[in-house]
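Undergrad: below is the structure, and that's it, no one-letter string:
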């Protein structure tokens, strides 16, 4: 019981921090880079820290989510219930968010090494906006699971 509570709390906290970080980069950091308020070095630091945090969050989410799915669901429940479908959707969204953060960082740092800022920020903006949307969908999905809503 205590382990389940710790896993759930760690899962939700990590997910919220991860999504918040991605939304912050998409909504604050990249627009600041586009208007020339950020130099290449701090922007590269933001990108690196985001991707390392995203990787760490992915590991924590995989371990805690795996524990929760393993103790709360059978294979049949995952495939044949609305809550199971929400869990599988969360797994899919988690993979998409991880990939988008990696792609966005790659696009961003390509030009930063030449000390360009606006062009790399513009190239990465769409990917990070998509990542932010996926992150919000993850949180909505988590809210549906937490509310114990019955979907049909």
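TA: It's in. Remember, it's a predicted structure, so these values are computed and weren't measured experimentally.
Undergrad: for the rest of this, base every contact and every neighbour count on C-alpha atoms.
TA: Fine.
Undergrad: point out where this protein drops to low pLDDT.
TA: Applying pLDDT under 70 to the predicted model, the residue ranges of the chain that meet it are 149-152.
Undergrad: can you point me to the longest helix in it?
TA: Here the longest helix in the chain is taken by residue count, with DSSP state H as the criterion, and it is helix 40-72.
Undergrad: packing partners of the helix or strand following that helix?
TA: Using DSSP states H and E, the helix or strand that directly follows helix 40-72 along the chain is helix 75-80. Taking 3 or more CA pairs under 8 Å, 6 or more residues apart in numbering; DSSP states H and E as contact, the helices and strands that helix 75-80 lies on are helix 82-112.
Undergrad: now the helix it packs on and helix 40-72, what's the angle there?
TA: Angle of helix 82-112 versus helix 40-72, following axes from the mean of the first three to the mean of the last three CA atoms, to 10 degrees, is 160 degrees.
Undergrad: buried stuff in helix 82-112?
TA: Of the residues in helix 82-112, 82-84, 86-87, 90-91, 93-94, 96-98, 100-112 count as buried by neighbour count, 16 or more other CA atoms under 10 Å.
Undergrad: in whichever helix or strand comes after that helix, what's buried?
TA: Scanning forward in sequence from helix 82-112, with DSSP H and E defining helices and strands, the next element found is helix 118-147. Applying a neighbour-count criterion of 16+ other CA under 10 Å, the buried positions in helix 118-147 are 118-125, 127-139, 141-142, 145.
Undergrad: so residue 65 makes contact with residue 11?
TA: Yes: using CA atoms under 8 Å, residue 65 is in contact with residue 11, at 6.7 Å.
Undergrad: tell me the secondary structure for the nearest residue to residue 128 once chain neighbours are set aside?
TA: Sequence neighbours aside, residue 26 is the residue nearest to residue 128 in space, at 5.3 Å (criterion: CA to CA, 6 or more residues apart in numbering). Judged by DSSP: H, G, I helix; E, B strand; the rest coil, the three-state class of residue 26 is helix.
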